[in-house]
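Peer 1: Compute the structure for the input listed below.
(chains A and B)
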2 protein chains.
Amino acid sequence: MIIRSAEPKDVSSILDLIIGLAVYENEPDQVDTTEEKLHHDLFIGKFCEALVAEHNGEVKAFTIYYTSYSTWKGPCIYLEDLFVLEDYRQTGIGSKLFECVVNVAKERGYARMDWQVLGWNKPAIEFYKKKNATLDAEWINGRLFFDGTDSK
Amino acid sequence: MIIRSAEPKDVSSILDLIIGLAVYENEPDQVDTTEEKLHHDLFIGKFCEALVAEHNGEVKAFTIYYTSYSTWKGPCIYLEDLFVLEDYRQTGIGSKLFECVVNVAKERGYARMDWQVLGWNKPAIEFYKKKNATLDAEWINGRLFFDGTDSK
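Peer 2: Sure, this is the predicted structure:
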């Protein structure tokens, strides 16, 4: 298993994994992005960055993250997605991807990395606990939608 | 009351308001930023943007936001801070600042704006409900710190 930065050739595989994660989260209809948009967001607009884990030339896991901001701490990394195909779970690849993003944050001198996990996603919560993460349910997420949806 | 983009001369006032918000949230020791860092983050690194509300030449309220990213929706606005000095609450200025950031998101063609509110902050929750926001407690926030703290 090789971990590397995503390249334009990976966009189709990454979109499949994004949809895979949405299905896992019981929100399969929420993925409004397309290969074209994702290509733009990663490589033209540079709104986010991605790492992929490749096995025998095929992408089996990925993570997408971006630079967020805290008025208390300064720039931070926000871990938007981290997903491993079912057959490749429990292999340590998710952990390696997570640590790669942690290292990106540290190398950039950022003070914090943030993410969210669904309250019912016990395997993910256990995973993050092993990383000594602070898991905080004190905050409620607010959202407004401008695209005609009122969904997540 | 005038709402305008923050300028370098506002950094000291904005820092005072950031500290005011941290005090309001019972976390006065969490503000690690300084005038120098905040100036850098707003005007050099451009990690975030700020609007201020000015009355008689003094900043009485502010908001800080940045471009975040959703793999489902594409680029979004994240509303990091919105704070009004106590004497200027219930004047509509917080609402106007909020709507200004909504308009930034819409003008940029973003599909969503996100933020967080503390579960005990009932006035803020009521404020956001009036904005027809989705308030979602299904997600738990995960955080890792790289600066020796294990705080928020």
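
Peer 1: Wait, A:Ile125 touches A:Lys131, no?
Peer 2: No - using C-beta atoms under 8 Å, A:Ile125 is not in contact with A:Lys131; the gap is 10.8 Å. C-beta: built from backbone N, CA, C; applies to glycine.

Peer 1: So for those two, which residue has more residues nearby?
Peer 2: The neighbour comparison of A:Ile125 against A:Lys131 (other C-beta atoms under 10 Å in any protein chain shown) goes to A:Ile125, with 17 against 13.

Peer 1: per-residue confidence at the most centrally placed residue in chain A?
Peer 2: Of all residues in chain A, the one closest to the mean position by C-alpha atoms, centre = their mean is A:Asp81, 1.5 Å from it. Predicted confidence (pLDDT) for A:Asp81: 97.

Peer 1: and it, bridged to which residues?
Peer 2: Under DSSP bridges, the beta-bridge partners of A:Asp81 are A:Ile64.

Peer 1: I'd assumed A:Ile19 was in contact with it.
Peer 2: No - at 11.2 Å, A:Asp81 does not count as touching A:Ile19 under the criterion of C-beta under 8 Å.

Peer 1: A:Trp139 reaches B:Gly119, doesn't it?
Peer 2: Yes - contact criterion C-beta under 8 Å: A:Trp139 and B:Gly119 qualify, at 7.0 Å.

Peer 1: Those two: which is more packed in?
Peer 2: Using other C-beta under 10 Å as the criterion, A:Trp139 and B:Gly119 rank with A:Trp139 on top: 18 against 13.

Peer 1: ok now do the more buried one, which residues does it touch?
Peer 2: Taking C-beta atoms under 8 Å, 6 or more residues apart in numbering or on different chains, we find A:Trp139 in contact with B:Gln116, B:Val117, B:Leu118, B:Gly119, B:Asn141.

Peer 1: among those residues, which are within reach of chain A?
Peer 2: Residues of those in contact with chain A (C-beta under 8 Å from any C-beta of the partner chain): B:Gln116, B:Val117, B:Leu118, B:Gly119, B:Asn141.

Peer 1: where do the strands sit along chain A?
Peer 2: Secondary structure of chain A by DSSP state E: the strands cover A:2-5, A:49-55, A:58-70, A:74-84, A:112-118, A:134-136, A:139-145.

Peer 1: and those strands as TSV, adding distance to B:Ile3?
Peer 2: Formatted as TSV, the strands of chain A follow (distance: least, C-beta to C-beta, whole Å):
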stretch	distance to B:Ile3
strand A:2-5	40
strand A:49-55	33
strand A:58-70	21
strand A:74-84	25
strand A:112-118	28
strand A:134-136	32
strand A:139-145	19
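
Peer 1: A:Val23: which of those strands is closest?
Peer 2: Closest to A:Val23 of these is strand A:74-84 (C-beta to C-beta; 10.2 Å).

Peer 1: what angle separates that closest one from strand B:74-84?
Peer 2: Relative orientation of strand A:74-84 and strand B:74-84, computed by axes from the mean of the first three to the mean of the last three C-alpha atoms, to 10 degrees: 140 degrees.

Peer 1: Can you spell out which helices and strands pack onto strand A:74-84?
Peer 2: Applying 3 or more C-beta pairs under 8 Å, 6 or more residues apart in numbering or on different chains; DSSP states H and E, one finds that strand A:74-84 makes contact with helix A:11-24, strand A:58-70, helix A:93-107, strand A:112-118, strand B:58-70.

Peer 1: Counting by contacts, list what the first one packs against.
Peer 2: To tie it back to what came earlier, the one meant is helix A:11-24. Judged by 3+ C-beta pairs under 8 Å, 6+ apart, helix A:11-24 is in contact with helix A:35-39, strand A:49-55, strand A:58-70, strand A:74-84.
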